[in-house]
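>>> coords below, sequence missing:
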């Protein structure tokens, strides 16, 4: 059955007010409207929701250009800690890698010597520990233990992991001291840099790989310090490539120092993970929500309807709904300021107002017939 017939059957229309207003009586412009009665169960069935009117701080917004940058907190550089030659590449530019995944195999003379030292000192330490302090002197016992630990720490300092070192010591085979070792990804992400070739000899600190989480880039905007003073860390922000489709984010940081050339202050925005991919260096638009202004009486913008040429809300009194004309002000963030027509704690319709408007207009048409 038609939805409107179902809705109409659930509503009892009260008799219209008989006393019409004289011309110019603007304070009660809707007194001749019919009130609509509906029980709580009927309201629930029709999807009508209400809420008390209260004060709300309406935030403003700043629109500015920005630049996409790599999220340094979600990025890592993979570098050797010792002079080494590149033996094998295990990943390439654009690959998605997991944390702990091997990226490259290196070979180093220094690492080979350190591996041999560890195998030798580990073998001696095992022998001394097995003999025990009853057989060997305390000095020899401690020297063997320290020598083994020093050799182990040396390999860790070169970048070998505990798992690699354990594999090296299996069987105490000196032939395992080849000088080869792997570098692993410290995090999950995408390879955005791999500037090397196999066989190349690299020095400590040379960046072999750079891995970043491309889902959560940063966007940086340079603003006048007076505008930045209106912003707060954690406030909502939006980013768009074309000014049409926007991706949500938040203000992550407000830089303390000014740019010496432009005398502007940087605002860093963190974008929420989304299907929209932004490339580092790309120019975009940003919308930044300013700090809250003084609170004022406000209602959800969706609660407002145009009736008889005036902005109107439906007020619930008991089980009756009646339209009320209001004077509106600023609209921000889905909320509209109410300058007059409502008081705090008035209960208004926040969802389903259009249904009530349709029923009210339908009843008026019926009365005029």
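On my side now, so go ahead. Please read all numbers here as calculations on a predicted model, not as lab measurements.
>>> Residue 43 - that's part of a helix, no?
Yes - if the criterion is DSSP: H, G, I helix; E, B strand; the rest coil, then residue 43 is within a helix.
>>> how about it, what does it touch?
Applying CB atoms under 8 Å, 6 or more residues apart in numbering, we find residue 43 in contact with 49-50, 352. All C-beta atoms are positioned from the backbone trio N, CA, C, and that covers glycine.
>>> What is the nearest of these to residue 142?
Distances from residue 142 to the contacts of residue 43, taken as CB to CB, are shortest for residue 49 (76.6 Å).
>>> Phi, psi for the nearest residue to the closest one once chain neighbours are set aside please.
With sequence-adjacent residues excluded and distances taken as CB to CB, 6 or more residues apart in numbering, residue 49 is closest to residue 351, at 4.0 Å. Geometry field for residue 351 lists phi and psi as phi -150, psi 130, criterion degrees, to the nearest 10.
>>> Show the contacting residues for residue 351.
47-49, 302.
>>> Kindly indicate the member of the residues you listed with the most neighbours.
Of all the contacts of residue 351, residue 48 has the most neighbours under the rule other CB atoms under 10 Å, reaching 21 neighbours.
>>> Distance check, the residue nearest to that residue when sequence neighbours are not counted against residue 151.
Nearest residue to residue 48, sequence neighbours excluded (CB to CB, 6+ apart): residue 352, at 3.5 Å. Counting by CB to CB, to the nearest Å, the separation of residue 352 from residue 151 is 76 Å.
>>> hmm, back to that, a markdown table please, covering the contacts of residue 43 and showing distance to residue 136.
Conversion of the contacts of residue 43 to a markdown table gives the following (distance: CB to CB, whole Å):
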| residue | distance to residue 136 |
| --- | --- |
| 49 | 83 |
| 50 | 86 |
| 352 | 88 |
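>>> In CSV, list those along with secondary structure, pLDDT and distance to residue 265.
Formatted as CSV, the entries for the contacts of residue 43 read as follows, by DSSP: H, G, I helix; E, B strand; the rest coil; pLDDT from 0 to 100; distance: CB to CB, whole Å:
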residue, secondary structure, pLDDT, distance to residue 265
49, strand, 91, 43
50, strand, 91, 44
352, coil, 87, 46
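>>> any idea which of those residues is the one closest to residue 346?
Proximity of the contacts of residue 43 to residue 346, judged by CB to CB, is greatest for residue 50, which lies at 10.0 Å.
>>> Contacts only, for residue 157.
With CB under 8 Å, 6+ apart as the criterion, the residues that contact residue 157 are residue 81.
>>> Okay, buried residues for the helix or strand harbouring it please.
Taking DSSP states H and E as the criterion, the element that holds residue 157 is helix 138-158. Applying a neighbour-count criterion of 16 or more other CB atoms under 10 Å, the buried positions in helix 138-158 are 141, 143-144, 147-148, 151-152, 154-155, 158.
>>> ditto for stretch 332-344
By neighbour count with 16+ other CB under 10 Å, stretch 332-344 contains the buried residues 332, 335-338, 341-342.
>>> what's the span of that stretch from first residue to last?
Start to finish, the residues bounding stretch 332-344 are 19 Å apart (CA to CA, to the nearest Å).
>>> Next: stretch 128-147.
Start-to-end span of stretch 128-147 (CA to CA) is 12 Å.
>>> and what of stretch 310-327?
One end of stretch 310-327 sits 8 Å from the other (CA to CA).
>>> Who does the closest residue in space to residue 313 that isn't next to it in sequence form a beta bridge with?
Setting aside the residues directly before and after it, residue 313 is nearest to residue 348 in space (CB to CB, 6+ apart), at 4.7 Å. Under DSSP bridges, the beta-bridge partners of residue 348 are residue 51, residue 315.
>>> low-confidence ranges in the stretch 101-250 of the chain?
Within the stretch 101-250 of the chain, the ranges that satisfy pLDDT under 70 run 171-172.
>>> what about 80?
Within the stretch 101-250 of the chain, the segments meeting pLDDT under 80 span 171-176.
>>> Out of the contacts of residue 351, which sit inside helices?
Using DSSP state H to define helices, no part of those is located there.
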